[in-house]
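1. Quick check, what structure comes out for this input:
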Amino acid sequence: PVVALIDENSFWIEGYFKETDLAGIAPNDRATVTLLMHDDVALEGKIKSIGFGIAKKDGTTGNDLLPT
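-> Presented below is the predicted three-dimensional model:
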């Protein structure tokens with residue numbers, strides 16, 4: 001296809017941060033995200049929620065980047 005239309009409410013971005021990096025982050029904060037493959041394009045949004053996970057001492061993660 002030459003053109004694809006995407007509903008702007010149909011996608012989300014997940015970020016993974018160390019607990020010590022979360023002090024300045026809260027739900028409803030504005031966020032600017034850049035992707036590795038298009039670092040010249042800034043995506044604007046807001047933080048919807050903050051979840052948690054428990055990592056192993058060696059820091060390994062599963063396929064979804066969450067601690068296993």
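2. Could you count how many residues lie near residue 18?
-> The local packing count at residue 18 equals 8, with neighbours defined by other CB atoms under 10 Å. All C-beta spots, glycine's among them, are computed from the backbone N, C-alpha and C.
3. separation between it and residue 52?
-> Residue 18 sits at a distance of 12 Å from residue 52 (criterion: CB to CB, to the nearest Å).
4. what about residue 42, is that helix, strand or coil?
-> State at residue 42, reduced to three classes by DSSP: H, G, I helix; E, B strand; the rest coil: strand.
5. That one and residue 31 touch, don't they?
-> No. With contact defined as CB atoms under 8 Å, residue 42 does not reach residue 31; the gap is 10.1 Å.
6. the more surrounded of those two?
-> residue 31 (13 against 10).
7. Which residues does that one form beta bridges with?
-> Taking DSSP bridges as the rule, residue 31 bridges to residue 45.
8. what sits against it?
-> 44, 45, 46, 47 (CB atoms under 8 Å, 6 or more residues apart in numbering).
9. Save the residues you listed as CSV, and put in pLDDT too.
-> Below are the contacts of residue 31 laid out as CSV (pLDDT from 0 to 100):
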residue, pLDDT
44, 90
45, 90
46, 93
47, 93
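10. Just the closest of the residues you listed to residue 23, please.
-> residue 47 (13.6 Å; CB to CB).
11. doesn't residue 28 make contact with the closest one?
-> Yes. In this structure, residue 47 is within contact of residue 28 by CB under 8 Å, at 6.5 Å.
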